[in-house]
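> Predicted model follows, preceded by the sequence.
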Amino acid sequence: MADLSINLAGIKSPNPFWVASAPPSNTAYQCHRAFEAGWGGVVWKTIGEPIVNVSSRYSSIDINGSRMIGLNNIELITDRSPETNFREIKECKERWPDRAIIASLMTDSRESWHDYMKQSADAGADGVELNFGCPHGMCERGMGSAVGQNPDVIETIVGWVMEAAEIPVIVKLTPNITDITYPARAARRAGANAISLINTVKSVTQVDLERMCPEPYVAGKSTPGGYCGPAVKPIALSMVQECASHPEVGLPISGIGGIANWKDAAEFIALGSTSVQVCTAIMHYGFRIVEDMIEGLNDYLDRAGFASVNDLRGKAVDTVQRWESLDLNYKRIASIDYDKCIGCNLCYIACEDGAHQAIALVDPDQKGVGLGPGRLPGRPVPEIKEKECVGCNLCSLVCPVHECITMIDVDNGKEKMSWSDYQEKVAKGEMEPIPAHP
């Protein structure tokens, strides 16, 4: 069995699975429940000056019967006092000394940052996470993403924090910015020990067409909120990789954004994360999901031959390159397994109307194809036009049957050539410009 223990900038935990700073980490009671289920760490719901939350607070995107594919919230930081939160952090750390407990902080002055840093250390927190990501409510008060979107302000505030830091400091970054590496680099310049990303994406998920007001609504009004859950995972993976690959960032990463199972976690780790934080999946299914996460990650690491989860970290980072470096002569085409084809012909429609007209419908008898599962006698079957297929993958993505349509490599006898190579050859007169398609 692989070793799942991690060390993020001096913060140790028995596994990489942490509860993110959010409603599931609001109280000692929840912290105890999380650790009893097996979570390796908890990032406390953000502590700051007392606030008043609104009712209601959440809305979601549901797709084809799947609930909460994306979750929007307009909830603010904890509405419990700093004294209560720090007392409960101390209680939890004394009870669970082998688990990571991180105090998430948000305030607005140098003196307050120093005070909160001292209280965090005195409470026994293993580290702190500076919340520079919240895209609603707190940003209107000059905190949250109002800080995270301004690298100069990040550098100033992290500098204040590091003046008083006795424990590791993680800077939580907002995705509501053009280039995530700018704030990440600012955090490093100021002396931060690690970064976490992404916080929520500013969003409006839906409009109630009866009330003519977006959800969630508060007395007939609403506001853009923070979007999270499986829908934001692709954004988070990209930004994690950008930070992991940038030579001027060079900080350990705690990955956040749509992680719901072991495979999601493994993908974040492969792109550079040391720990992974989970919120929406816990709100949807409860703390015990970590049991499957731990088992699944262990099984995968064993199958892949990794002795430790740390051996997986960053393995995929360098495979993400600029478009101009990709091989223009690499060729893939679609291939249909007729034993699995159900004859829905959705691949044909998708290719014909939405892609490259590289699938034909043919007589199954002429093709020598039997009826197969669910196909009607005489109903045409799809056939890949191999010369026209550009390998876009669309047919394999829309096919409702797993691995009925797969993408296969084709040796076209051409040498590797990237766009950069092509430009260089044209400039040297070694190659004619490629003519445009008619």
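Cool, the structure landed.
> so where do the strands sit in the stretch 51-200 of the chain?
Counting by DSSP state E, counting those that start in this stretch, the stretch 51-200 of the chain has strands at residues 58-63, 66-73, 100-105, 127-131, 169-172, 194-197.
> Tell me the spacing between residue 428 and residue 419.
Separation of residue 428 from residue 419 (CB to CB, to the nearest Å): 15 Å. C-beta: built from backbone N, CA, C; applies to glycine.
> Out of the strands of the stretch 51-200 of the chain, the one nearest residue 282 is which?
Residue 282 lies closest to strand 66-73 among the strands of the stretch 51-200 of the chain, at 11.2 Å (CB to CB).
> What is the closest one packed up against?
Applying 3 or more CB pairs under 8 Å, 6 or more residues apart in numbering; DSSP states H and E, one finds that strand 66-73 makes contact with strand 58-63, strand 225-228, helix 280-285.
> circling back: would you mind telling me which of residue 428 and residue 419 has the busier surroundings?
Between residue 428 and residue 419, counted using other CB atoms under 10 Å, the more crowded position is residue 419 (14 against 8).
> wait, doesn't that one sit right on residue 321?
No - judged on CB atoms under 8 Å, residue 419 makes no contact with residue 321 at a distance of 11.2 Å.
> still on that earlier bit, can you tell me which of the strands of the stretch 51-200 of the chain comes nearest to residue 5?
strand 100-105 (10.6 Å).
> Run through who's touching that closest one.
Residues from elsewhere that reach strand 100-105, judged by CB atoms under 8 Å, 6 or more residues apart in numbering: 8, 11-13, 18, 21, 31, 40-48, 85-86, 89, 92-93, 113, 116-117, 120, 123-131, 170, 172, 275.
> Same question for stretch 199-212.
Against stretch 199-212 from outside (CB under 8 Å, 6+ apart): 59-61, 70, 72-73, 131-136, 145, 148, 172-176, 213-215, 217, 220, 222, 224-228, 232, 235, 256.
> what about 7 Å?
Here stretch 199-212 makes contact (CB atoms under 7 Å, 6 or more residues apart in numbering) with 59-61, 70, 72, 133-135, 172-176, 214-215, 217, 220, 224-228, 232, 235.
> How about stretch 250-260?
Contacts of stretch 250-260 (CB under 7 Å, 6+ apart): 8-9, 18, 20, 170, 184, 187-188, 192, 194-198, 228-233, 235-236, 240, 243-244, 264-265, 268, 272-278, 281.
> What of stretch 214-234?
54-59, 61, 68-74, 134-136, 200-208, 211, 213, 257-258, 260, 264, 279-280.
> can you give me the strands in the stretch 251-400 of the chain?
Counting by DSSP E, counting those that start in this stretch, the strands of the stretch 251-400 of the chain are 253-256, 273-278, 332-336, 359-362, 381-384.
> what's the most buried one of these?
Greatest average neighbour count among the strands of the stretch 251-400 of the chain goes to strand 253-256 (a mean of 31), per mean count of other CB atoms under 10 Å.
> For it, enumerate its sheet partners and note whether each is parallel or antiparallel.
The strands beside strand 253-256 in its sheet (DSSP bridges) come out as strand 194-197 (parallel), strand 273-278 (parallel).
> how about those in TSV, adding mean pLDDT and distance to residue 363?
Shown next, in TSV, are these (pLDDT from 0 to 100; distance: least, CB to CB, whole Å):
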stretch	mean pLDDT	distance to residue 363
strand 194-197	98	54
strand 273-278	98	51
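> Counting neighbours, what do you get for residue 279?
Neighbour count of residue 279, defined by other CB under 10 Å: 24.
> wait, what's in contact with it?
20, 22, 24, 228.
> which of these count as buried?
Buried subset of these (neighbour count, 16 or more other CB atoms under 10 Å): 20, 22, 24, 228.
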